[in-house]
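Enquirer: pasting the structure only:
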């Protein structure tokens, strides 16, 4: 996370990394890549409370098969389960939705879930996170259907209605972001073809 202080990183070192100093890096992962992964975690986990950092020590140790550090994506996922990260600047989330990954997510039906996690986590969503997003998208698809049925039957709760409205609001924002990109690309293509005709003339 941007703007993390040295003091905050030192707190993560003291409460999390030092108690886990005996763990080794995964086989096939270079020392440099391992240190970069730990550095990312050091900054990213700084939002967590002291109590939850200590809980993470137990969680990581339990999943450290043969004394090896678990995957970075798994650690981030466990941290999110224990304590939700604070909201981030949406600039990265918007840029991700504009990207090829964002267009793929839209086509496959997990764009809202990608947008939500990008606002929470920032870059980059790894393979494990993406697989979780697709599972969440399936669950949310079922939840939307149930809520719509409950609305028609007059059984939907205010919380259900708010959740459904929020989901559709995020989908509308994603569609607007991607439409703006498509219009911009179409405009650029038109300008280039026009200049090409002018050159030919």
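Expert: Looks like it came in fine. No experiment lies behind these values; they were computed from the predicted model shown.
Enquirer: Touching, residue 144 and residue 167? I think so.
Expert: Yes: here residue 144 lies in contact with residue 167, judged by Cβ atoms under 8 Å, at a distance of 6.7 Å. Where C-beta positions appear, they are placed from N, C-alpha and C, glycine not excepted.
Enquirer: Which helix or strand contains the residue nearest the centre of the chain?
Expert: Per Cα atoms, centre = their mean, the C-alpha nearest to the average position across the chain is that of residue 117, at 3.1 Å. For residue 117, the element it lies in under DSSP states H and E is helix 111-121.
Enquirer: any idea of the mean pLDDT for that helix?
Expert: Mean per-residue pLDDT for helix 111-121: 86.
Enquirer: ok, then the element right after it?
Expert: helix 127-153.
Enquirer: Would you mark the buried spots in that next one?
Expert: The neighbour-count check on helix 127-153 (16 or more other Cβ atoms under 10 Å) flags 129-130, 132-133, 136-137, 140, 147 as buried.
Enquirer: Now tabulate these in CSV and tack on distance to residue 42 and pLDDT.
Expert: Converted to CSV, these look like this (distance: Cβ to Cβ, whole Å; pLDDT from 0 to 100):
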residue, distance to residue 42, pLDDT
129, 19, 86
130, 23, 90
132, 23, 91
133, 25, 93
136, 27, 94
137, 31, 96
140, 32, 96
147, 40, 95
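Enquirer: Can you lay out the residues you listed as TSV showing distance to residue 53?
Expert: TSV is the format used below for the buried residues of helix 127-153 (distance: Cβ to Cβ, whole Å):
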residue	distance to residue 53
129	21
130	26
132	22
133	25
136	25
137	30
140	30
147	36
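Enquirer: quick revisit: OK, contacts around the residue nearest to the centre of the chain?
Expert: When contacts are counted by Cβ atoms under 8 Å, 6 or more residues apart in numbering, residue 117 touches 125, 129, 133.
Enquirer: ok, of the residues you listed, which one's closest to residue 41?
Expert: Taking Cβ to Cβ as the measure, residue 41 sits nearest to residue 129 out of the contacts of residue 117, at 14.0 Å.
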